[in-house]
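Asker: Attaching a predicted model along with its sequence, questions to come.
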Amino acid sequence: MTSAQPVLFVPHGAPTFALRPGAAGAALVATANALSRPRAIVIISAHWDTATPTVGFADRPATIHDFWGFPEELYALHYPATGCREAAQQVVAAIQSAGLPVQTDPQRGLDHGAWIPLRLMFPDADIPVIPLSIQSQGGSEAAWQLGQTLAPLTAQGFLVIASGNMTHNLRDFQTASRQGGQTPGYVLEFSDWIADRLTACDIPALLDYRRQAPGAVQAHPTDEHLLPLYVALGAAGDPARIERFHTGIDDHVIAMDAYAFLPNTK
């Protein structure tokens, strides 16, 4: 028997997070170590973006090094994950049951948004991993609705992990990487606004974040790195207890906030 699982939103930072996990990595490891063993992991990464929700069916999803210009040792890292077609079919069925379209991909591997946190959290690679794509053209509401289709799976022992970054401005990251410098004010302002709205369970404001949140467009010139948070929010069900189990900033501009969405037992 497998226990009901929480839903996690975790940062994957820059690719160098795999080499220098620091405090955020330690927080991810501690959270993973406190979990009961999942039936399978559904991983939603900001780096797999498709027009239609797509579920990966690969028996041994490859490690995808989808980045350029980083230290050579990064390209030598691999995560020997295994898939599970039965579990993947359950994900497909959950999405279909909610009336959403869904496709399958027999070969999709794990991009760095998926394998970097998984390698930290589950280094033995002994839990089946099912990748699921995001749909950036649908924005926050479509991501939230996709997450809602996954909520029944958490009671069946599926661990939903959504991997993105609380702030993600590539131009600012590149500038900081070259020159260093102070953290722009929007990084903390935006991440704290999200934390406040999550604590208040203010779904309408969260869905409308691009108009309401301070520094939203600076924090996310395009919002694919925040959309996994909305998948997690939907998968958590209503109501859920929300724990912000890590805050911090890497590379001057990347807010590394991490959240656990826990069943409300009250």
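Answerer: Alright, I've got the coordinates.

Asker: May I have the phi/psi pair for the residue nearest the centre of the chain?
Answerer: A centroid search over the chain (Cα atoms, centre = their mean) returns S163, at 1.7 Å, as the residue closest to the centre. Phi and psi for S163, reported as degrees, to the nearest 10, are phi -120, psi 120.

Asker: okay, it: pLDDT?
Answerer: Note on S163: pLDDT of 98.

Asker: correct me, but it touches W115?
Answerer: No. Assessed by Cβ atoms under 8 Å, S163 is found out of contact with W115, at 9.6 Å. Every C-beta, even on glycine, is put in place using the N, C-alpha and C of the backbone.

Asker: so where do the strands sit in this structure?
Answerer: 7-11, 40-49, 54-56, 103-105, 129-134, 158-164, 240-246, 249-250, 254-255, 258-263 (DSSP state E).

Asker: For those strands, give me TSV that also has distance to Y230.
Answerer: TSV is the format used below for the strands of the chain (distance: least, Cβ to Cβ, whole Å):
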stretch	distance to Y230
strand 7-11	9
strand 40-49	10
strand 54-56	17
strand 103-105	20
strand 129-134	9
strand 158-164	8
strand 240-246	13
strand 249-250	22
strand 254-255	16
strand 258-263	12
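
Asker: most tightly surrounded among those strands?
Answerer: With neighbours taken as mean count of other Cβ atoms under 10 Å, the strands of the chain reach their highest mean count in strand 7-11, at a mean of 30.

Asker: can you list the weak-confidence ranges in this structure?
Answerer: 1, 264-266 (pLDDT under 70).

Asker: switch to 80 and redo it
Answerer: Residue ranges of the chain with pLDDT under 80: 1-2, 176-181, 238-240, 263-266.

Asker: which residue sits farthest out from the middle of it?
Answerer: Largest separation from the mean C-alpha position in the chain: Q179, at 28.6 Å (Cα atoms, centre = their mean).

Asker: can you tell me which residues contact that residue?
Answerer: Going by Cβ atoms under 8 Å, 6 or more residues apart in numbering, Q179 touches no other residue.

Asker: give me every residue that touches F190.
Answerer: Contact analysis of F190 by Cβ under 8 Å, 6+ apart lists 166-167, 213-216, 218-219, 255.

Asker: What residue, apart from its backbone neighbours, is nearest it spatially?
Answerer: Taking Cβ to Cβ, 6 or more residues apart in numbering, and ignoring the residues beside it in sequence, F190 has A219 as its nearest neighbour in space, at 4.1 Å.

Asker: And for the one you found, the neighbour number?
Answerer: Neighbours of A219 under the rule other Cβ atoms under 10 Å: 29.

Asker: For Y230, see how far away it is.
Answerer: Relative to Y230, A219 is positioned 15 Å away (Cβ to Cβ, to the nearest Å).

Asker: residues near the closest residue to R85 other than its chain neighbours, how many?
Answerer: Counting by Cβ to Cβ, 6+ apart, the nearest residue to R85 once its immediate chain neighbours are dropped is F57, at 5.6 Å. Around F57 there are 21 other residues, counting by other Cβ under 10 Å.

Asker: With Q135 instead?
Answerer: Using other Cβ under 10 Å, Q135 has 19 other residues around it.

Asker: okay, now the residue nearest to it when sequence neighbours are not counted: neighbour count?
Answerer: Leaving aside its chain neighbours, Q135 sits nearest to A142 (5.5 Å; criterion: Cβ to Cβ, 6+ apart). Residues lying near A142 (other Cβ under 10 Å) number 19.
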